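here is my input, please return the structure:
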Amino acid sequence: MEVTTEPKPQIDESSQRNLSFSTPIAGDPSSDKLPFFRHRSRQIKRDTWLVSVFVLLQIVVFAVTMGVNDCSRNSDDHCAAKLLGRFSFQPLSENPMLGPSASTFEHMGGLYWNALVEKHEIWRVLTSPWLHSGLFHLLINLGSLIFVGIFMEQRYGPFRIAVIYFLSGIVGSLFAVLFVRNIPSICSGAALFGLIGAMLSALARDWNLYTSKVSALVIILTISTVNFLIGFLPYIDNFANIGGFISGFLLGFVLLFTPQLRQDPPPHKGKLFEDDMRSSTRLKEMFDRPVLRIVCLVMFCGILGGVLIAASWGINLNRYCNWCRYVDCVPTRKWSCSDLTTSCEAMVSDAQLTLTCMTNGKFRIFPYTNISQARTQDLCTLVCT
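Okay, here's the model as predicted:
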């Protein structure tokens, strides 16, 4: 009796090779790695409402600032973008970032040495992080905030990001107080640099978990460099950026967690299993690298306490560091990095205002006379520098 056997199916060698790539190898550490900046389809789906609120608030504050500035009235229509009327900008010679005047910054809560030390207006530490030097500064700052903020909020949630954002802004402003001069300065970059520092700490704490680490570092360095270079322009405080970055870097180690700790429950499990899994996830996040968290928390509290004490005592580190001013300013023909006390002699004739600087003898004629004393001081500073 003849027995027939069915032929065995043939597997093509190329198909076999493809199958070997699609099957994860047990114990292979590279199979669990993921890129730091993942594609949108692979990111955790969360609503980024917090970043949207921050962006909206900063746009509203800038609009209010320009409305208070009212260049068309306070500068007798000697403005840039006159079609905007009340919201037009100061001349580029006065503010190259297309923004308000120095007196408006002082009125809206910018950091100012006399206001902080003599008038004890410590509330300026809370208001200066919401101000921008001009339209260019606003667009660059918000563009960076949207990129960094959405990434961080989608991965770590709104609560942690809000804590890092606010604390970095406050600590950055307090750090800027130690170097502030008699020129209004704003600290809107402090909170942004806090998020950038937290992003860097998130990459550093799980360095072996990610692929494409060099490209992630290049992106973080590029955003930091662009925003730091802007800090050399008038009114923007680079010391606030430095303080915010250090705060965010430390808070990132304290508050952020390893992304693999947070897993979605299987769809076929019930709500009780889902609640238990979330409780387990919270415990894992709480006890993830406790020594590192405690050390960074102690360092952050030490920095916060130190800058608070130094600011309350009115310490000005510029007196002990002559070159520190150049971290925040690059001297040009348009503005000076020296902390000068300007004084001018005013003379009005034929609907013209002539201001003569008492320090260097320079003078300038302006085609208007009906301006406030604060605005006259702005022009005097422009003439003397």
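
which SS class is residue 76?
coil (DSSP: H, G, I helix; E, B strand; the rest coil).

wait, it touches residue 370, no?
Yes. With contacts counted by CB atoms under 8 Å, residue 76 reaches residue 370, the gap being 6.7 Å. C-beta coordinates here come from the backbone N, C-alpha and C atoms, glycine included.

pick out whichever of these two has more residues nearby.
With neighbours defined as other CB atoms under 10 Å, residue 76 and residue 370 compare such that residue 76 has more, 17 against 11.

mind jotting down where the helices sit in the stretch 101-250 of the chain?
Along the stretch 101-250 of the chain, counting by DSSP state H, counting those that start in this stretch, helices occupy 102-108, 113-117, 124-127, 135-156, 158-177, 188-205, 213-230, 238-255.

any chance of these in a markdown table, plus distance to residue 81?
As requested, these are arranged in a markdown table below (distance: least, CB to CB, whole Å):
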| stretch | distance to residue 81 |
| --- | --- |
| helix 102-108 | 16 |
| helix 113-117 | 29 |
| helix 124-127 | 25 |
| helix 135-156 | 9 |
| helix 158-177 | 29 |
| helix 188-205 | 21 |
| helix 213-230 | 20 |
| helix 238-255 | 27 |
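
between the ones you listed, which one is closest to residue 296.
helix 238-255 (4.0 Å; CB to CB).

I'd like the average pLDDT over that closest one.
Averaged across helix 238-255, pLDDT comes to 94.

how much space is there between residue 344 and residue 146?
Distance check for residue 344 against residue 146: by CB to CB, to the nearest Å, it reads 43 Å.

more neighbours: those two, which one.
Shown here are residue 344 and residue 146; by other CB under 10 Å, residue 344 has more neighbours (22 against 15).

could you find the closest non-adjacent residue to the more buried one?
Spatially, and ignoring its direct neighbours in sequence, residue 344 is nearest to residue 380 (3.7 Å; CB to CB, 6 or more residues apart in numbering).

if I look at residue 149, how far off is residue 385?
Look at residue 149 and residue 385: by CB to CB, they are 36 Å apart.

ok, these two, which is more surrounded?
Taking other CB under 10 Å, residue 149 and residue 385 do not tie; residue 149 has more neighbours (24 against 21).

now do the same for the more buried one: its pLDDT.
Residue 149 is given a pLDDT of 92.

got it, and residue 124?
91.

what's the answer for residue 297, then?
So residue 297 comes in at 93 (pLDDT).
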